[in-house]
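>>> Here is a sequence together with a model predicted from it:
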Amino acid sequence: MPQPTLMKRAIAELIGTFVLVFLGTGSVVTSVVFFGGVESAGLLLIGLSFGFAVMIMIYAFGHISGTHINPAVSIALWATGRFPSKDLMAYIVAQLIGAVAASLVIVAIVGTRAVDAGLGHTMPGDGVNYWQAILIEAVTTFFLVLVIWGAAVDKRASAGFAGLAIGLVVTADIIVTGPIAGASMNPARTFGPLLTETFWGTTSGWEKFPIYIIGPIVGGLLAAFVYDYVAGLKSGGDES
Amino acid sequence: MQCYVCAQSGVETVAVGVCIVCGMGLCKDHAIREDVELWEGGYPFPSTKAKKKLPRILCAECAEVLT
Ligand SMILES: [Zn+2]
Ligand SMILES: [Zn+2]
């Protein structure tokens, strides 16, 4: 038994992304539906919800699938020769399904009020244009992937702290840059609420979707290559 | 060193190993070898079971407690 089969690992990715989107975007939905909005203090709770979700799933499934729960992370691992091409599509599809399932379950639980509340979708804020939104997504995902590389991919990292560090970088990214463009850092996290909104007739978000594909992937790739260079890690390591 | 278990029944046998838990000297008959599986990798990579296992020598008493 070398490692769990691709199917089992894909299921772990699906569940992991489900938890991320359920707890993360769920925190936005419950803030809006039950507390009437997201104040700046609420941003802390939303940031912590996403961060906790990332952390707990890294500890729960990190050794099973690797808990990428983010296509930008899978792509960065693949591009640096650490993740096999044959697994890439299955991981991304599982992440997307998990994200959509989470948004659907939120609607099932909270009702269409959740859709009215926006399902925690990501949008550029007032006065933030398309390119600025891509830039902030690239910058925040750069931080995220840099910490994944430094705290986990690099074997010099302190064992056991990766989940905590990575959860907290997600939290920090969201607290600080959430109002700018949503601090998605994850195409799957944006896709879940987006497709689910579409089922209830809101389709305006799709024109902004490329922001949340391009930004995270570019930022993630940049971080991976920068870390490998700075830390002197050989790409194409023996990890996969 | 001699086997502790054999010595209890008055037999002197040369020990070939030592229980990793209690330090008891053990002859070939009384040493229990359990191979410990090792896992490599882990987040953000799936863990893989290493091809080689770590040998571990235990006495009967400790083996019973540990398994
Ligand atoms: Zn003996
Ligand atoms: Zn013993």
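Okay, I see it. Ligands and ions are numbered 1, 2, ... in the order given.

>>> Near chain B, which residues of chain A are found?
Contact residues (Cβ under 8 Å from any Cβ of the partner chain) of chain A with chain B: A:1-4, A:9, A:58, A:62-68, A:73, A:77, A:82, A:148, A:152-153, A:162-163, A:239-240. Quick note: C-beta positions are derived from backbone N, CA and C, even for glycine.

>>> let's see it at 10 Å
A:1-4, A:6, A:8-9, A:12, A:58-59, A:61-68, A:73-74, A:76-77, A:82-83, A:87, A:148-149, A:151-153, A:155, A:159-160, A:162-163, A:166, A:237-240 (Cβ under 10 Å from any Cβ of the partner chain).

>>> helices or strands up against the longest helix anywhere in chain B?
When chain B is parsed with DSSP state H, its longest helix is helix B:60-66. Helix B:60-66 makes packing contacts with strand B:32-36, strand B:54-58 when contacts are defined by 3 or more Cβ pairs under 10 Å, 6 or more residues apart in numbering or on different chains; DSSP states H and E.

>>> Can you pull the phi/psi pair for the residue in chain A that ligand 2 sits nearest to?
Closest residue of chain A to ligand 2, Cβ to the ion: A:Ala159 (28.9 Å). Torsion angles at A:Ala159 (phi, psi; degrees, to the nearest 10) stand at phi -70, psi 140.

>>> any idea how far it is from A:Val139?
29 Å (Cβ to Cβ, to the nearest Å).

>>> Now do stretch B:29-36: distance to the chain's middle.
4 Å (Cα atoms, centre = their mean, to the nearest Å).

>>> list the buried ones in that stretch?
B:His30, B:Ala31, B:Ile32 (16 or more other Cβ atoms under 10 Å in any protein chain shown).

>>> Looking at A:Ala159 and A:Val139, which is more packed in?
A:Val139 (19 against 8; other Cβ atoms under 10 Å in any protein chain shown).

>>> what helix or strand does the nearest residue to the more buried one once chain neighbours are set aside sit in?
Leaving aside its chain neighbours, A:Val139 sits nearest to A:Gly219 (6.3 Å; criterion: Cβ to Cβ, 6 or more residues apart in numbering or on different chains). Per DSSP states H and E, A:Gly219 falls inside helix A:209-231.

>>> A:Leu77 is in contact with A:Asp228, correct?
No - with contact defined as Cβ atoms under 10 Å, A:Asp228 does not reach A:Leu77; the gap is 11.3 Å.

>>> residues in contact with whatever residue of chain A ends up closest to chain B?
Proximity of chain A to chain B (Cβ to the nearest Cβ) peaks at A:Gly62, 3.0 Å away. With contact taken as Cβ atoms under 10 Å, 6 or more residues apart in numbering or on different chains, A:Gly62 is in contact with A:12, A:16, A:68, A:152, A:162-163, A:166, B:41-47.

>>> ditto for A:Gly163
If you count contacts by Cβ under 10 Å, 6+ apart, then A:Gly163 has A:Val54, A:Met55, A:Ile56, A:Met57, A:Ile58, A:Tyr59, A:Ala60, A:Gly62, A:Thr67, A:Ala151, A:Ala152, B:Tyr43 around it.

>>> switch the cut-off to 7 Å
A:Gly163 is in contact with A:Met55, A:Ile58, A:Tyr59, A:Gly62, counting by Cβ atoms under 7 Å, 6 or more residues apart in numbering or on different chains.

>>> Now it: closest residue in space that isn't a chain neighbour?
A:Ile58 (3.7 Å).

>>> so what's the backbone phi/psi at that neighbour?
With angles defined as degrees, to the nearest 10, A:Ile58 sits at phi -60, psi -40.

>>> Test for you: state the pLDDT assigned to it.
On the pLDDT scale, A:Ile58 is placed at 97.

>>> Also A:Val33?
Per the predicted model, pLDDT is 88 at A:Val33.

>>> Does it touch A:Arg113 like I think?
Yes - contact criterion Cβ atoms under 7 Å: A:Val33 and A:Arg113 qualify, at 4.9 Å.

>>> residues contacting the residue nearest the centre of chain B?
Geometric centre of chain B, nearest residue: B:Ile57, 1.7 Å, by Cα atoms, centre = their mean. By Cβ under 7 Å, 6+ apart, the contact set of B:Ile57 is B:Gly17, B:Val18, B:Cys19, B:Ile20, B:Leu26, B:Ala31, B:Arg33.
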